[in-house]
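> quick one, fold the following:
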Amino acid sequence: MGCVSTAAAVHGRRVLGIIPSAFTEKNLIGKTCRKELKVANMHERLLKMMEFGDAFVALLGGFGTLEELFQIVSWAQLNIHKKPIDMLNVNGFFGSLLSFLDHAVEQKFMVSMTNLDFYFNC
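Okay, here's the model as predicted:
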């Protein structure tokens with residue numbers, strides 16, 4: 001995230017870092033974003049991202065990335081928002097996850113995401 005926010009800022013884009021207090025305690029702030037908003041927890045972070053963001057892009061990541069991605073997709077399915085959602089699928093990083101989601105749709109555990117503004121970029 002630091003590289004992306006730095007590159008965006010260098011190229012004249014507005015960048016807002018929304019930082020949970022757990023990260024502020026570890027001194028992981030003030031390194032990449034010109035403007036930062038400190039929040040109490042990850043849930044508040046996601047609400048602020050919803051408020052201030054124009055779109056959502058999932059970069060390669062772990063549990064936190066997946067949690068935020070699934071929350072945003074769930075909210076889109078519930079028509080809580082209509083913002084674009086993108087997964088940056090570098091070198092097929094999300095390939096197995098996408099296969100699993102297709103399988104869940106085939107097994108009728110979830111509905112297809114084709115009605116959403118959802119993109120998969122390789």
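> from here on, contacts and neighbour counts on C-alpha atoms
OK.
> list the buried residues of stretch 38-57.
Under the neighbour-count criterion of 16 or more other C-alpha atoms under 10 Å, stretch 38-57 has Lys38, Val39, Met42, Arg45, Leu46, Met49, Met50, Phe56 buried.
> swap in stretch 81-95?
Using 16+ other C-alpha under 10 Å as the test for burial, stretch 81-95 gives Lys82, Lys83, Pro84, Ile85, Asp86, Met87, Leu88, Asn89, Phe94.
> CA atoms only for the lengthiest helix in the chain - export them in PDB, please.
The longest helix of the chain (DSSP state H) is helix 63-77. These are the backbone C-alpha positions of helix 63-77, laid out as PDB (Å, rounded to 0.1, in the frame of the first residue of the first chain):
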ATOM      1  CA  PHE A  63      -6.600 -11.800   5.700                       C
ATOM      2  CA  GLY A  64      -7.200  -8.100   6.100                       C
ATOM      3  CA  THR A  65      -7.300  -7.600   2.300                       C
ATOM      4  CA  LEU A  66      -9.800 -10.500   1.900                       C
ATOM      5  CA  GLU A  67     -12.000  -9.300   4.800                       C
ATOM      6  CA  GLU A  68     -12.300  -5.900   3.300                       C
ATOM      7  CA  LEU A  69     -12.800  -7.200  -0.200                       C
ATOM      8  CA  PHE A  70     -15.600  -9.500   0.800                       C
ATOM      9  CA  GLN A  71     -17.300  -6.900   3.000                       C
ATOM     10  CA  ILE A  72     -17.300  -4.400   0.100                       C
ATOM     11  CA  VAL A  73     -18.600  -7.100  -2.300                       C
ATOM     12  CA  SER A  74     -21.300  -8.000   0.200                       C
ATOM     13  CA  TRP A  75     -22.300  -4.400   0.500                       C
ATOM     14  CA  ALA A  76     -22.500  -4.000  -3.300                       C
ATOM     15  CA  GLN A  77     -24.800  -7.100  -3.500                       C
END
